[in-house]
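Enquirer: Curious how this folds, go ahead:
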Amino acid sequence: MNLCRQCGKALTQARPNGRQKKYCNQVCCDTYRQAAGRARTAEQAWGDCKVCGKPITGHKRKYCSKKCCGKTRPARSYVKDVKCHHCGDIFRSATKRLYYSLSCALDHNKTAKECDWCCTEYTATYERQRFCTTACRSSADSRKKRARINSAYVEDVGIGYLYKRDGGRCQLCGKTVKMGLHRFDPRSATIDHIVPLSQGGKHSKPNTQLAHRFCNMSKGARRVGQLRLMA
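Expert: Got it, this is the predicted structure:
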């Protein structure tokens, strides 16, 4: 009576072709073949290690361990000591890093700037920062996008620049304009185009003036005012 090579159970039934079974089921067959394959691989020798000379068994490779493999790699000559430009600490780097950490980079690049939209003083955290807040940036981008749709964009015009140039007064009603109000407030500051963009006007400093939101909406697409000779 034949026995299963894996579990040792008796095999009573034969195959339809008359050949004797070697395993009782497919699970025993797969388990036995996997174990036999691992045993053959472990016993197979692939020569000696190129570093320590020990015999290599198992999978085909040149070195017996990762430690021996690491000894053959060349030293990293490009890794060097770098001095942080902000705090002065020494750190090792393989790239052209100038700062030890992100906080050092932010602290070193903090400079006093003037917002391109509202002209308020703020501390910039990176060199190319132009606006003090995301609200100022979105406001400037929306004006620029509207001007480009009408093919009227010439230059950037900030609401703070117009406030200083026009003396803080609405050029339509002559009353004082208060900065810092909500953008939907009727008395908030807006940019008014003397020659409307719909009539061929340009988004430039000579063609813009300061106006209340209510006055600007009341004016509509009519041409009110005179182009400034000096921006």
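
Enquirer: Can you read off the backbone torsions of the spatially most central residue of the chain?
Expert: Compute the mean C-alpha point of the chain, and by Cα atoms, centre = their mean the closest residue is residue 102, 14.7 Å away. The phi and psi values for residue 102, taken as degrees, to the nearest 10, are phi -70, psi -40.

Enquirer: per-residue confidence at it?
Expert: Looking at residue 102, its pLDDT is 83.

Enquirer: Now do it against residue 84, distance only.
Expert: Applying Cβ to Cβ, to the nearest Å, the value for residue 102 to residue 84 is 12 Å. The C-beta positions use only the backbone N, C-alpha and C, and glycine is treated the same way.

Enquirer: Equivalent analysis for residue 6, please.
Expert: From residue 6 across to residue 84, the span is 64 Å (Cβ to Cβ).

Enquirer: again with residue 33
Expert: 60 Å.

Enquirer: Settle it for me: which of the two has more neighbours?
Expert: residue 84 (17 against 13; other Cβ atoms under 10 Å).

Enquirer: Quick check: closest non-adjacent residue to the more buried one.
Expert: residue 100 (4.0 Å; Cβ to Cβ, 6 or more residues apart in numbering).

Enquirer: ok, that neighbour - how many residues close by?
Expert: Residue neighbour count, defined by other Cβ under 10 Å, stands at 19 for residue 100.

Enquirer: Contacts only, for it.
Expert: Contacts for residue 100 (Cβ atoms under 8 Å, 6 or more residues apart in numbering) come out as 84, 86-87, 89, 91.

Enquirer: Just the residues you listed: which are in helices?
Expert: Judged by DSSP state H, the contacts of residue 100 include no members of helices.
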